[in-house]
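Trainee: Task: produce atomic coordinates for the following.
(one chain, ligands or ions: 1)
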Amino acid sequence: MSEPVTLRREGAIAVITVNNPPVNALKQAVRAGLQKLFKEADADANVQAIVLTCAGRTFIAGADITEFGKPPMAPSLIEAITDIDNVSKPTVAAIHGTALGGGLEVALGCNYRVASKDAKLGLPEIKLGLIPGAGGTQRLPRLIGIEKALPVILSGNPVSASQALKDGLVDEIVEGDLTAGAIAFAKKAVAEKKPLKRASKMDEKLAAIRANPDSYNEIAAKAVGRNKGLKAPMAAVEAVKWTLDVPFEEAIKRERNKFIELLVTDESKSQRHAFFAEREATKVLDMPADTKAREVKRAAVIGGGTMGGGIAMCFANAGIPVTLIETTDEFLKNGLAKIKTNYENTAKRGGMSEADVEKRLSLIEGAVGLEAAKDADMVIEAVFEEMGLKKEIFGKLDAITKKGAILATNTSTLDVNEIANSTSRPQDVIGMHFFSPANIMKLLEIVRGEKSAFDALQTAITVGRKIAKVPVVVGVCYGFVGNRMLHRRGVQADRLVLEGALPQEVDGATTEFGFPMGPFAMGDLAGIDVGWRIRRARGERNEVADTLAEAGRFGQKTGKGYYIYEKGSRTPIPDPEVEKIILDASAKKGIARRPISKQEIIERTVYPMINEGARILEEGIASRPGDIDVIWLYGYGWPVWRGGPMHYADTVGLKHVRDRLAHYAKGSGDKTLEPAKLLERLANEGKTFASLANEMKKAS
Ligand code: 3H9
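Mentor: Below is the predicted model of the structure:
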C-alpha cells in the first residue's frame, strides 16, 4: 500500500500531501506520516517553508470516526499537531473542499491557512456529541476571538472561505491552482520574514472578554441555544472558557480528557450511530454496485398545492429546471404565487438574496395540462390521495412522457404497485414521499415498488441527495415506515388522555424526551379536521378529537384545538374547556381516570413505535434498523442524541422494551402491543438491533 502522507520538494518549499480517500480522515498512518514528515522538513536545511495539501475531493475532514471506541494508537492527534506547531519555519495549510474537526485542528496548528474560494471550514464535533479534542477549543478562540469561535464550535456548522477570511481564520483566498497559490504564499512569508503566527501563543483577541468576564456567559448562552443541558455543548462552553484562565498546555490536556469522557456517553454514541446510519441508508443491499443513475436535467411536478409547490422549490433550489403543472390557470396562478411569497419571505428574513429569489423563480415554469411533462426526465405527482385520480394521471403520463423518464408518486398512503401497474412501464415508477413542508423537511422516503428498476431507484436516491434531502429506501405498505410507526404513537397518546393524562402532560413528557413537539401540539399544527373527515367517511369515531372538531376547534388554523393559540402566536396554551371535553369522554366510555406518570407516557408512546419498527423489519419494508432511525431523525424530529427509535431501544435494552410491551398488552388486552416476533427473538437471544444490522450486512 502506498503511504497516505508524502513529501516532495518544490525548490525551497516542502509540500506535504495527505492522500487517504475518500475524505482524508486522520487514521493512525496519517497522523504518524504528518508528524514524521513535518519533523523531517523542519530538520532539512534546504527547506525554508512547508505547505500542507490534500489529494482528492477535500482537505482533511476530521479524525477517523471508525477508530473511536477502539484502543488508541500513537501518535495521538494532539502529539502530531503539537509537533507541527513547534516547526521553526513557516507552515501553510492549503484548504480545498472541507477542513473539518481534526482537519481544521491540523490547519490551526500551521502558521497560515490559504483556501480555495469554495472551501468550507468547521468544527462539527458537537454533531457527534463531542467537542474538538485536538486543540480546536483553544486555538480557534485565540485566533479569531471567543465571540466568533463559540458559535462555530457550538453549532458545528462550517463557515465559508470568504467568512473565514473576514474572521481571520484564513489568511488568503487562492483563485486558480491552490497548491501553486500556497507555495507562492509560503515563499512570500519567507521573503518578507513574516513572524510565525502560532494560534497557541496568541492572546490579544481574548482581551475584551478577559476585561469583562461576565460577558462570556451571555455569549455562551446564546451559542448554546436549545442544546442547554446536553453534555457536549456544556463541555464546549467550559473548555472555551479555559482560554481565559488556564495555560494553553494545561487546557489542551483538559480538552483531551473531556473529549475522551464524551466518547463513551450515550449521547455521542447515538449521534455517531446517526452519522453512519444516514450514509448507509442510501445503500440498497441487493443493488448491483455498478448501477448508474439516469440523467435528470429537467423535472415536472403535477399539482401546485402546498406539497407540489414545495417539491418544485427543492428542484429550483438545486438548480434543476422544473415545470409545475396544474389543471386550471387559476390553480396554477395560486401555486406559483405561493412559491414566490415563500421565497420572498426567506429573502426578507435574510435567508437569501433578491438575486437568488429571481434565479430560483426563473427555474420554475408553470403550465396547464399534463402535456407539459413531455420533456421531463423525472415527473413527481403530488395530487389528492385518491387512487382513481392517480391511476388516471399515471396512465396519461405513460403516453406523454419520454422513454426512461422516472414517474414518481408522492403518495403517503396508497399502493405504489397498483399505481405502477396502471402504466406500461412499472419499472420506471417509484414513490418519492416528501414530508411537509417539502422545501424544508429533509426526509425523503423512496418507495420501491415490486417492479421498480435498480437504475430508477438509483436515480431517485441521486436526485434526492442533489436536492438536499436525506433519502431512505422503503418498501410498499400502508403509511410506509414513518407514518405507520407514528400511527402507533397516536393511538396510545389518545388512550393515555382517556385514561387520565392531559394533552399538555403527554406533550410535556414528549418534549422533555427531546422531540420539538408532542403529538397533540402536532395534531393542532396539522389540523384536527383532517382525521375527523377521514373517520367520518369510514364511520369511525375518536371521542376527544372528533368532539373538538365538531366544536370548530381544528387546531392552529382556527386558534383553538387541543390548546388555545393567541392571535399570531403558535404557543399552545392549555384550555380548561378541553379538559372538560376529555373528562366527559372518559366518563362516556366508563373509564376511571388515574394519574399517569411521565415514564408511562414515554413507554406507552415510544415502545409501540419500536414494536412497529420491528414488524417493519420482519416484513422487509425497511432494510436496516438504522434506516428506521434516519426516518425518525429527519422526518419527525426524533432527538439526534437518542439516535432514533431502534438505537434507543438498544440503549434501554430489548428485554426491557419487550417486557414493558407485554405488560401493557396484558393490561389493556390490545394485541398490537404484544411484542413483535423479531423483538421477542432478539430479546430472548440477548441481542440488539445493532447486532441484527451486522448479521444482515454479513448475509447480503
Ligand atoms: C474529530 O475530528 C475529532 C477531533 O476533534 C479530535 C480527535 C482526537 N471518519 O459523507 P460522505 C466516510 S471528529 C471516517 O458520503 P460527502 C463516510 O462514512 C470528526 N469516515 O461524503 C462515507 O463512507 P462510505 C469531525 C468518514 O462528500 C465516506 O466517508 N469530522 C469520515 O457527502 C464519504 O462520506 C466530521 O464530523 C470520518 N471523519 O461529504 C466530518 N467522514 O462511503 C464528517 C466521512 O463507506 N464527514 N467518512 O459510506 C462529513 O461531514 C462528510 O463526510 C464530508 C463529505 C462533508 C466530509
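Trainee: For the stretch 51-200 of the chain, what lies in contact range of the ligand?
Mentor: Counting by C-beta under 6 Å from any ligand atom, the residues of the stretch 51-200 of the chain close to the ligand are 58, 61-66, 77, 98, 100-102, 105, 124-125, 128, 132-134, 136. From N, CA and C alone the C-beta is placed, and that goes for glycine too.
Trainee: Could you look up the SS state of Arg294?
Mentor: Per DSSP: H, G, I helix; E, B strand; the rest coil, the secondary structure class of Arg294 is coil.
Trainee: So it sits against Ile406, correct?
Mentor: Yes: taking contact to mean C-beta atoms under 8 Å, the distance of 6.8 Å between Arg294 and Ile406 places them in contact.
Trainee: so what sits against both of those two?
Mentor: Asp377, Ala456, Thr459 (C-beta atoms under 8 Å, 6 or more residues apart in numbering).
Trainee: Scan these and report the most crowded one.
Mentor: Using other C-beta atoms under 10 Å as the neighbour test, the shared contacts of Arg294 and Ile406 are led by Ala456, with 28 neighbours.
Trainee: quick check, that one in a strand?
Mentor: No: Ala456 is assigned helix when assessed by three-state DSSP, not a strand.
Trainee: can you list contacts of stretch 149-156?
Mentor: Identification of contacts with stretch 149-156 by C-beta under 8 Å, 6+ apart yields 122-127, 131-132, 136-137, 140-141, 143, 159, 219-220, 223-225, 227, 233, 236-237, 240.
Trainee: Oh, that last question was meant for stretch 657-676, not what I typed.
Mentor: Contacts of stretch 657-676 from elsewhere in the structure, counted by C-beta under 8 Å, 6+ apart, are 488, 491, 495, 603-604, 607-608, 610-612, 614-615, 618, 649, 679-680, 683.
Trainee: Now restrict the residues you listed to buried residues only.
Mentor: If you count burial by 16 or more other C-beta atoms under 10 Å, the buried members of these come out as 488, 491, 495, 603-604, 607-608, 610-612, 614-615, 649, 679-680, 683.
Trainee: Tell me where the stretch 101-250 of the chain has helices.
Mentor: Here the stretch 101-250 of the chain has its helices, by DSSP state H, counting those that start in this stretch, at 102-109, 136-144, 146-155, 161-167, 178-191, 207-211, 214-224, 231-245, 248-263.
Trainee: Residues of the stretch 251-400 of the chain that sit close to the ligand?
Mentor: Counting by C-beta under 6 Å from any ligand atom, the positions of the stretch 251-400 of the chain adjacent to the ligand are Phe276, Arg279.
Trainee: Now the stretch 251-400 of the chain against the ligand: closest residue?
Mentor: The stretch 251-400 of the chain approaches the ligand most closely through Arg279 (4.0 Å), counting by C-beta to the nearest ligand atom.
Trainee: so what secondary structure elements neighbour the helix or strand hosting that residue?
Mentor: Take DSSP states H and E as the rule and Arg279 turns out to sit in helix 266-280. Under the contact criterion of 3 or more C-beta pairs under 8 Å, 6 or more residues apart in numbering; DSSP states H and E, helix 266-280 touches helix 231-245, helix 625-635, helix 645-652.
Trainee: For Leu363, find the nearest of these.
Mentor: Across these, Leu363 has its closest neighbour in helix 625-635 (24.8 Å, C-beta to C-beta).
Trainee: Can you give the contact residues for that closest one?
Mentor: Contacts of helix 625-635 from elsewhere in the structure, counted by C-beta under 8 Å, 6+ apart, are 273-274, 276-278, 280-281, 435, 441-443, 445, 470, 472-474, 481-482, 485, 613, 616-617, 622, 638, 640, 643-647, 689-690, 692-693.
Trainee: Tell me how the protein divides into domains.
Mentor: Here the chain is described, according to automatic domain parsing, as comprising the domains 5-195+205-264, 299-479, 501-588, 598-699.
Trainee: could you dump those to a markdown table with distance to Pro288 and mean pLDDT?
Mentor: Rendered in a markdown table, the data for the domains of the chain read as follows (distance: least, C-beta to C-beta, whole Å; pLDDT from 0 to 100):
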| stretch | distance to Pro288 | mean pLDDT |
| --- | --- | --- |
| domain 5-195+205-264 | 21 | 96 |
| domain 299-479 | 7 | 96 |
| domain 501-588 | 39 | 95 |
| domain 598-699 | 16 | 96 |
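Trainee: can you pull out the helices in the stretch 301-450 of the chain?
Mentor: Under the criterion DSSP H, counting those that start in this stretch, the stretch 301-450 of the chain contains helices at 306-317, 329-348, 354-362, 387-400, 416-420.
Trainee: The ones you listed: which one's closest to Gly552?
Mentor: helix 306-317 (22.1 Å).
Trainee: quick one: contacts of the closest one?
Mentor: 299, 301-302, 304, 321-322, 324, 335, 338-339, 342-343, 360-361, 363-364, 380, 382-383, 410, 434, 436-440, 467-469.
Trainee: Specify the angle between it and helix 329-348 in degrees.
Mentor: Between the direction of helix 306-317 and that of helix 329-348, the angle (axes from the mean of the first three to the mean of the last three C-alpha atoms, to 10 degrees) works out to 60 degrees.
Trainee: Using CSV, list the CA coordinates for helix 306-317.
Mentor: Extracted in CSV, the C-alpha atoms of helix 306-317 (Å, rounded to 0.1, in the frame of the first residue of the first chain):
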residue,chain,number,x,y,z
THR,A,306,-48.6,23.2,-0.8
MET,A,307,-46.8,19.8,-1.3
GLY,A,308,-46.3,20.2,-5.1
GLY,A,309,-45.1,23.8,-4.7
GLY,A,310,-42.6,22.8,-2.0
ILE,A,311,-41.3,20.0,-4.2
ALA,A,312,-40.8,22.3,-7.2
MET,A,313,-38.9,24.7,-4.9
CYS,A,314,-36.5,21.8,-3.9
PHE,A,315,-35.6,21.3,-7.6
ALA,A,316,-35.2,25.1,-8.3
ASN,A,317,-33.0,25.4,-5.1
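Trainee: Begin at 15, not 1, for the rest of this chat.
Mentor: Right, with 15 as the first residue, what we last looked at is helix 320-331.
Trainee: hang on, the earlier thing: highest mean neighbour count out of the helices and strands packed on helix 280-294?
Mentor: For the helices and strands packed on helix 280-294, average neighbour numbers computed from mean count of other C-beta atoms under 10 Å are highest in helix 639-649, which has a mean of 27.
Trainee: Let me see the contact set for the residue of the stretch 115-264 of the chain found nearest the ligand.
Mentor: For the stretch 115-264 of the chain and the ligand, the shortest gap (C-beta to the nearest ligand atom) falls at Gly115, measuring 2.5 Å. Shown here is Gly115, whose contacts under the criterion C-beta under 8 Å, 6+ apart are Ala75, Gly76, Ala77, Gly136, Leu137, Pro138, Glu139, Pro146, Gly150.
Trainee: how near is it to Leu157?
Mentor: Taking C-beta to C-beta, to the nearest Å as the measure, Gly115 falls 16 Å from Leu157.
Trainee: How about Ala194?
Mentor: With the distance defined as C-beta to C-beta, Ala194 ends up 25 Å from Leu157.
Trainee: Check Val101 too.
Mentor: Following C-beta to C-beta, the distance that separates Val101 from Leu157 is 17 Å.
Trainee: go on, Ser174?
Mentor: Per C-beta to C-beta, Ser174 is found 17 Å from Leu157.
Trainee: the more surrounded of these two?
Mentor: More neighbours sit around Leu157 than around the other of Ser174 and Leu157, counting by other C-beta under 10 Å; the figures are 20 against 15.
Trainee: Quick check: that one touching Cys124?
Mentor: No: the pair Leu157 and Cys124 does not pass the contact test of C-beta under 8 Å, sitting 11.2 Å apart.
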